[in-house]
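Engineer: Here is a sequence together with a model predicted from it:
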Protein chains: 2
Amino acid sequence: MPRPSEPTRERIVQAANSLFYSEGIRRVSVDEVAAKAGLTKRTLYYHFKSKDDLVAAYLAARDQPNLALFRKWFAEAEGGVPMKVEAIFKNLARSARHPKWKGCGFLRTSAELANMPGHPAIRIGAAHKKKFEDWLRATFAEQGIADPLKLARQILLLLDGSFAVVLLHRDASYMETAGEAARTLIETALGKPRRKRG
Amino acid sequence: MPRPSEPTRERIVQAANSLFYSEGIRRVSVDEVAAKAGLTKRTLYYHFKSKDDLVAAYLAARDQPNLALFRKWFAEAEGGVPMKVEAIFKNLARSARHPKWKGCGFLRTSAELANMPGHPAIRIGAAHKKKFEDWLRATFAEQGIADPLKLARQILLLLDGSFAVVLLHRDASYMETAGEAARTLIETALGKPRRKRG
DNA sequence: GTATGTATACTCACCAGTGAATATACACAA
DNA sequence: TTGTGTATATTCACTGGTGAGTATACATAC
């Protein structure tokens, strides 16, 4: 029954998302994605011109929801900016404890395609991270922080570091450690009184 | 002419190192590694029982030299512990500006094998990171820092974050940003006077 | 009767791992 | 010194399987 078009494409992207994220790009064949979406490979190739094209669509579909989630966690948290940023890490730690969690799809793809700098998937991943960095920078600028870009980048480094480390060690508590570090850095930049010791 | 044995194995591991690091595990075939080492695949399979075995050997060979380099950079740097740790990041930034740099082999492998938690390569990577963390912890403990493990983990998060971010954006300046963040965190833990602003 | 969408059944290339045979070095005996 | 056995080291040619992408035909809708 033809004429679904957009729903079909959507279904394929969702199948790709589920498989690529949990298994990795190269471990998943186009046939598997097609099967998961309930159609044949030839049909998939009607909707996407190549596997790379499908990979790009998979990442593009993760971009908005991920960022929205971060903003939501930030907005809903109690306290000032340091606590709100720390809340992002706490929520992330909760996600990371689910057995199906496999790190950050953008970073994993970038690691897998490290040798293809111009690949669409890399560009999408880089743009995604830049958007998050930019939102942080704007947030910090509103607080009158002297070098908001630098602080935003430091937080981003902690975030992406926690993705990598937690994936390797399968120990989500590193994410809470990252959150504490983020809070320390933000408080320092804000000129808050020195943190407790011992 | 037989009887070289160890040299041959060494040559294979070096070929594997060069190819796996720059292209990724799944993009490189056993044939390619064998060709680079100047022998046939069958010979390679005489020395290694499987590709996974070869991957493990590739990572094991990176362990010691990497850690030694970090310790060297630390030891040779001027100043106190905050500056010495920052020096690690500065040196890393210099490495990362070489065009052949492709991030951290351990993290890239862990991202590629995210679905095989028991894989030898993952265990070797995790052990490598733990060794570095442990060395940092001991170093901080000597300084009388209250929670040296927490601080060591925060630095590790910045380090691995900078690997991931620099690989994605191809912008090594993030490594220097990570170094500054590390210095801030260490100084805060040491109870140093608040850092300059503006 | 043309656009769109779907399926069957391919091609061609690659790749991990193996079977069977061969070459070299060294130990020890004659 | 020459022969013979044995562990080490290496090769050629292969198998079984998989995977990206396609040729062609069929169906449905407008």
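Structural biologist: Great, that's in hand.

Engineer: got the contact list for the residue nearest the centre of chain A?
Structural biologist: By C-alpha atoms, centre = their mean, chain A has its centre lying nearest to A:C104, at 4.8 Å. Counting by C-beta atoms under 8 Å, 6 or more residues apart in numbering or on different chains, A:C104 touches A:D160, A:F163. All C-beta atoms are positioned from the backbone trio N, CA, C, and that covers glycine.

Engineer: if I look at it, how far off is DNA strand C?
Structural biologist: Distance from A:C104 to DNA strand C, counting by C-beta to the nearest atom of the strand, to the nearest Å: 26 Å.

Engineer: low-scoring stretches of chain A, by residue?
Structural biologist: Across chain A, the ranges flagged by pLDDT under 70 are A:1-6, A:192-198.

Engineer: chain center to the longest helix along it, what's the gap?
Structural biologist: Counting by DSSP state H, the longest helix found in chain A is helix A:51-76. Per C-alpha atoms, centre = their mean, to the nearest Å, the displacement of helix A:51-76 from the mean C-alpha position of its chain is 7 Å.

Engineer: and that helix, what other elements does it pack with?
Structural biologist: helix A:6-23, helix A:30-37, helix A:81-96, helix A:105-112, helix A:120-142 (3 or more C-beta pairs under 8 Å, 6 or more residues apart in numbering or on different chains; DSSP states H and E).

Engineer: Can you give me the domain boundaries for chain A?
Structural biologist: A:1-48, A:62-190 (automatic domain parsing).

Engineer: For A:E23, which residues are in contact?
Structural biologist: With the criterion set at C-beta under 8 Å, 6+ apart, A:E23 makes contact with B:N115.

Engineer: Which residues does stretch A:84-102 contact?
Structural biologist: Contacts with stretch A:84-102, where a contact means C-beta under 8 Å, 6+ apart, come from A:21-22, A:69-70, A:73-77, A:79, A:108, A:136, A:155, A:158-159, A:162, A:166-167, A:172-173, A:175-176, A:178-180, A:182-183, A:186, B:114-115.

Engineer: Give the buried residues for it.
Structural biologist: A:K84, A:V85, A:E86, A:A87, A:I88, A:F89, A:N91, A:L92, A:A93, A:A96, A:W101, A:K102 (16 or more other C-beta atoms under 10 Å in any protein chain shown).

Engineer: Between these, which sits nearest A:L59?
Structural biologist: A:K102 (14.1 Å; C-beta to C-beta).

Engineer: ok, A:R153 to DNA strand C distance?
Structural biologist: A:R153 is 37 Å from DNA strand C, by C-beta to the nearest atom of the strand.

Engineer: nearest residue to that residue other than its sequence neighbours?
Structural biologist: B:T177 (4.8 Å; C-beta to C-beta, 6 or more residues apart in numbering or on different chains).

Engineer: What is the neighbour count of the one you found?
Structural biologist: 24 (other C-beta atoms under 10 Å in any protein chain shown).

Engineer: Over to A:A121?
Structural biologist: 25.

Engineer: who touches it in this structure?
Structural biologist: Counted by C-beta under 8 Å, 6+ apart, A:A121 has contacts A:I25, A:D52, A:V55, A:A56, A:L59, A:T109, A:S110, A:L113.

Engineer: Name only those of these that count as buried.
Structural biologist: A:I25, A:V55, A:A56, A:L59, A:T109, A:S110, A:L113.

Engineer: quick one, what contacts the fourth one?
Structural biologist: When contacts are counted by C-beta under 8 Å, 6+ apart, A:L59 touches A:G105, A:F106, A:T109, A:A121, A:I124, A:G125, A:H128.

Engineer: how close does it get to A:P120?
Structural biologist: According to C-beta to C-beta, to the nearest Å, A:L59 and A:P120 sit 8 Å apart.

Engineer: Which single one of the contacts of A:L59 is nearest to DNA strand D?
Structural biologist: Proximity of the contacts of A:L59 to DNA strand D (C-beta to the nearest atom of the strand) peaks at A:A121, which lies at 13.3 Å.

Engineer: Residues contacting stretch A:60-67, please?
Structural biologist: Contacts to stretch A:60-67, defined as C-beta under 8 Å, 6+ apart, come from residues A:V13, A:Q14, A:N17, A:Y21, A:G105, A:F106, A:I124, A:A127, A:H128, A:K131, A:F132, A:W135.

Engineer: Make a ChimeraX selection of whichever of the residues you listed turn out to be buried.
Structural biologist: Burial among these is assessed by 16+ other C-beta under 10 Å; the matching ChimeraX selection reads:
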select /A:13,17,21,105,106,124,128,132
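
Engineer: which pair in the contacts of stretch A:60-67 spans the largest distance?
Structural biologist: A:Q14 and A:W135 (25.9 Å).
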